[in-house]
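Engineer: quick one, fold the following:
(2 chains)
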Number of protein chains: 2
Amino acid sequence: MAGAALIGVDWGTTSFRAFLLDAGGAVLDRRESAQGILKVEAGDFAFVLAAETASWLRAARVPVLMSGMIGSRQGWVETPYRNVPVGLSDLASALVEVPFEAADVRLVPGLKDDTGPMPDVLRGEEVQVLGAMARLGIESGCFVLPGTHSKWVSVESGRITGFATYMTGETYDAMRRHTILGRLMGEGDGAREAFDEGVREGARHGTPGALLNRLFGVRTAGLFDRFAPADLPEYLSGLLIGAEIADQKGKDVRGLVHIIASSTLTERYRVAAETLGVTTHTAPEDCVADGHMAIARLAGLV
Amino acid sequence: MAGAALIGVDWGTTSFRAFLLDAGGAVLDRRESAQGILKVEAGDFAFVLAAETASWLRAARVPVLMSGMIGSRQGWVETPYRNVPVGLSDLASALVEVPFEAADVRLVPGLKDDTGPMPDVLRGEEVQVLGAMARLGIESGCFVLPGTHSKWVSVESGRITGFATYMTGETYDAMRRHTILGRLMGEGDGAREAFDEGVREGARHGTPGALLNRLFGVRTAGLFDRFAPADLPEYLSGLLIGAEIADQKGKDVRGLVHIIASSTLTERYRVAAETLGVTTHTAPEDCVADGHMAIARLAGLV
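Structural biologist: The predicted structure is shown next:
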């Protein structure tokens, strides 16, 4: 395609997203599929990448920059973790080459935060966050990337200085589908009030173990008809998201939190944060492509 | 059987236990099976009870006193919940009759604690705790009954004054079997050190939401070889049990905690409590039968 300069790929556990970019960083074309790394048969990542980008690469043999779980132990090539603080230039100087016939393919390394009792890690979110910073023209900020594993990322002077992972989405699924809590739950749209009450209960003062007790409250809320069956999933969701936001509010969140997520999750976190007195801003979509372009420039790929 | 006076039945979600008792409360015979209420086909509880107690009832038509989830919405007859404080005589005066041809069958009601933001409930543990009190000859104390849903029960002047449920066991299973945490875990005996480190990490100061973050530490502990695959389940178990005990330690636990559980779980909780500076005492087995006999006497059944 005329003017194409780079293909940016955000390849996660459950999804594949690719962007064809011109030298100015504008998105010329895009592809999205459910071919996350866990769905790729026999680990044949080269086949999937070739299939998804064939039409683009036939037109112009541009380099490919990939980020996300594709660089993990379950991915194509395992890249080492870089300890925080990490900025765009640190990532650009640590790209890992991947053998691929049709193009020059590089992987962005993952990040490690060793400041807590156990290390924390992320892969892919660093490009989204630094891309959003570039797009917004800011040098410091706090970001949340909700999902299966929700990530809270702090940036100062253009470098990611720390982050924390919360298993909020995966815990929600596991508790709803694989514990007694699902028994009293119904399908359909739940009430906003149930979500709000969950947020407040999850954020209430207490120790880590209190969460194990409050989860049982989802059952008794159903037993005593505090909420209708369809509202119970909302209460559970609020309980977990409220607990997550309150934990960050007590630590790293000062002022505004930028949310990077799908529109559904963005709204859920925006509402919960508002309930807890935390102001949010919705980061632009596709900011991951801005991150890919910025890193590619610093690495001399474009 | 000569001297038989009562059949006490502790009928839970996953197990059935019955005791044939003489008028002095001595156990003449016992039966135990995996016929928990969720395994009883088509809700035919009368059939299971008749089959399990047929030989005893043929010899002597004694009354039957049942407690546990058999009195829940998923059980035989749903009994109402009694609000705390509740003692043996309160239970004895609130027994619910169950239609059964071969004997006089009564159900012990469940308990409700309405003092928190959400109500808490229990069924069956009240008989175990009050039975243990009778056996130990004490009037006040703190009890923990670990399991799928761990119960902490406070007793003052012979009455249960409050309790709290923690979804510790069920959360452990759900996280191990149905989240990414199971991926790096191995089978076999894990190291005591991993359990101990989990207990300390779970009990560390923090908010309820911190638990969602610390759970992700089970994954990174594996990623960075802090623990061998077989040790990771121990670390997860310690994390949850440590969080549970620390939450109670900050609230209701003063002095000694009596543990009522299977020997495996008793040892796990004893070790964790010791690590956190909480002294424990192992309650006698079969104390549920003492509770059944005490209630039956007060109700004039024996």
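
Engineer: backbone dihedrals for the residue most central in space within chain A, please?
Structural biologist: Note on chain A: the residue nearest the mean C-alpha position is residue A:145, at 4.3 Å, using C-alpha atoms, centre = their mean. The phi/psi pair for residue A:145 (degrees, to the nearest 10) reads phi -120, psi 90.

Engineer: what do you get for the one 10 residues further on?
Structural biologist: Here the main-chain torsion angles of residue A:155 (degrees, to the nearest 10) amount to phi -120, psi 130.

Engineer: distance of it from chain B?
Structural biologist: From residue A:155 across to chain B, the span is 19 Å (C-beta to the nearest C-beta, to the nearest Å). All C-beta atoms are positioned from the backbone trio N, CA, C, and that covers glycine.

Engineer: for the closest residue to residue A:7 other than its chain neighbours, give its distance to chain B.
Structural biologist: Leaving aside its sequence neighbours, residue A:7 sits nearest to residue A:64 (C-beta to C-beta, 6 or more residues apart in numbering or on different chains; 4.5 Å). The spacing between residue A:64 and chain B, counted by C-beta to the nearest C-beta, is 26 Å.

Engineer: do the same with residue A:169
Structural biologist: Noted for residue A:169: a distance of 10 Å to chain B, by C-beta to the nearest C-beta.

Engineer: now the closest residue to that residue other than its chain neighbours: which helix or strand?
Structural biologist: Distances taken as C-beta to C-beta, 6+ apart put residue A:148 closest to residue A:169, at 4.2 Å, once the chain neighbours are dropped. Assigned by DSSP states H and E, residue A:148 belongs to no helix or strand.

Engineer: for chain B, what is the nearest residue in the stretch 1-150 of chain A?
Structural biologist: Distances between the stretch 1-150 of chain A and chain B by C-beta to the nearest C-beta are smallest at residue A:118, namely 3.3 Å.

Engineer: for residue A:152, helix, strand, or coil?
Structural biologist: Following DSSP: H, G, I helix; E, B strand; the rest coil, we place residue A:152 in the strand state.

Engineer: beta partners for it?
Structural biologist: residue A:144, residue A:164 (DSSP bridges).

Engineer: please name the residues that touch the spatially most distant residue from the centre of chain A.
Structural biologist: Computed with C-alpha atoms, centre = their mean, the residue of chain A farthest from its C-alpha average is residue A:224, at 36.5 Å. Contact analysis of residue A:224 by C-beta atoms under 8 Å, 6 or more residues apart in numbering or on different chains lists residue B:119.

Engineer: quick one: pLDDT of it?
Structural biologist: Predicted confidence (pLDDT) for residue A:224: 95.

Engineer: mind listing the strands for the stretch 151-300 of chain A?
Structural biologist: A:159-166, A:257-259, A:280-282 (DSSP state E, counting those that start in this stretch).

Engineer: so who does the residue of the stretch 1-150 of chain A closest to chain B touch?
Structural biologist: B:201, B:214, B:217, B:220, B:221, B:226.

Engineer: that one belongs to a helix?
Structural biologist: No. Assignment of residue A:118 by three-state DSSP gives coil, placing it outside any helix.

Engineer: confidence score at it?
Structural biologist: pLDDT for residue A:118: 95.

Engineer: got the contact list for residue A:132?
Structural biologist: Residues in contact with residue A:132 (C-beta under 8 Å, 6+ apart) are A:143, A:258, A:260, A:283, A:284, A:287, A:290, A:291.

Engineer: taking those residues one by one, which sit in helices?
Structural biologist: Counted as lying in helices by DSSP state H, out of those, are A:287, A:290, A:291.

Engineer: I'd like the residues you listed laid out as a markdown table, including distance to chain B.
Structural biologist: Formatted as a markdown table, the ones in helices among the contacts of residue A:132 follow (distance: C-beta to the nearest C-beta, whole Å):
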| residue | distance to chain B |
| --- | --- |
| A:287 | 24 |
| A:290 | 27 |
| A:291 | 23 |
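
Engineer: quick check: buried residues in the helix or strand harbouring residue A:128?
Structural biologist: Using DSSP H and E, residue A:128 falls within helix A:125-136. For helix A:125-136, burial by neighbour count (16 or more other C-beta atoms under 10 Å in any protein chain shown) applies to A:125, A:126, A:127, A:128, A:129, A:130, A:131, A:132, A:133, A:134, A:135.

Engineer: just to revisit the earlier point, next one: phi and psi at the residue farthest from the centre of chain A?
Structural biologist: phi -100, psi 20.

Engineer: quick one: residue A:51 is in a helix?
Structural biologist: Yes. Counting by three-state DSSP, one finds residue A:51 located in a helix.

Engineer: and the gap between residue A:83 and residue B:120?
Structural biologist: To residue B:120, residue A:83 is 44 Å away according to C-beta to C-beta, to the nearest Å.

Engineer: is it true that residue A:202 touches residue A:235?
Structural biologist: No. In this structure, residue A:202 is not within contact of residue A:235 by C-beta atoms under 8 Å, at 9.6 Å.

Engineer: looking at residue A:83 and residue B:120, which one has more neighbours?
Structural biologist: Per other C-beta atoms under 10 Å in any protein chain shown, whichever of residue A:83 and residue B:120 has more neighbours is residue B:120, with 22 against 13.

Engineer: could I get the contacts of residue A:132 as CSV with pLDDT?
Structural biologist: Listed next are these as CSV, based on pLDDT from 0 to 100:
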residue, pLDDT
A:143, 96
A:258, 96
A:260, 95
A:283, 92
A:284, 85
A:287, 93
A:290, 97
A:291, 97
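
Engineer: and these, which are buried?
Structural biologist: Using 16+ other C-beta under 10 Å as the burial test, those include A:143, A:258, A:260, A:283, A:287, A:290, A:291 as buried.

Engineer: give the contact list for residue A:113.
Structural biologist: Residue A:113 neighbours (C-beta under 8 Å, 6+ apart): A:83, A:84, A:119, A:120, A:121, A:162, A:163, A:164.

Engineer: mind giving me the ChimeraX select for those, buried ones only?
Structural biologist: The buried residues among the contacts of residue A:113 can be selected in ChimeraX (16+ other C-beta under 10 Å) with this line:
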select /A:84,119,120,121,162,163,164
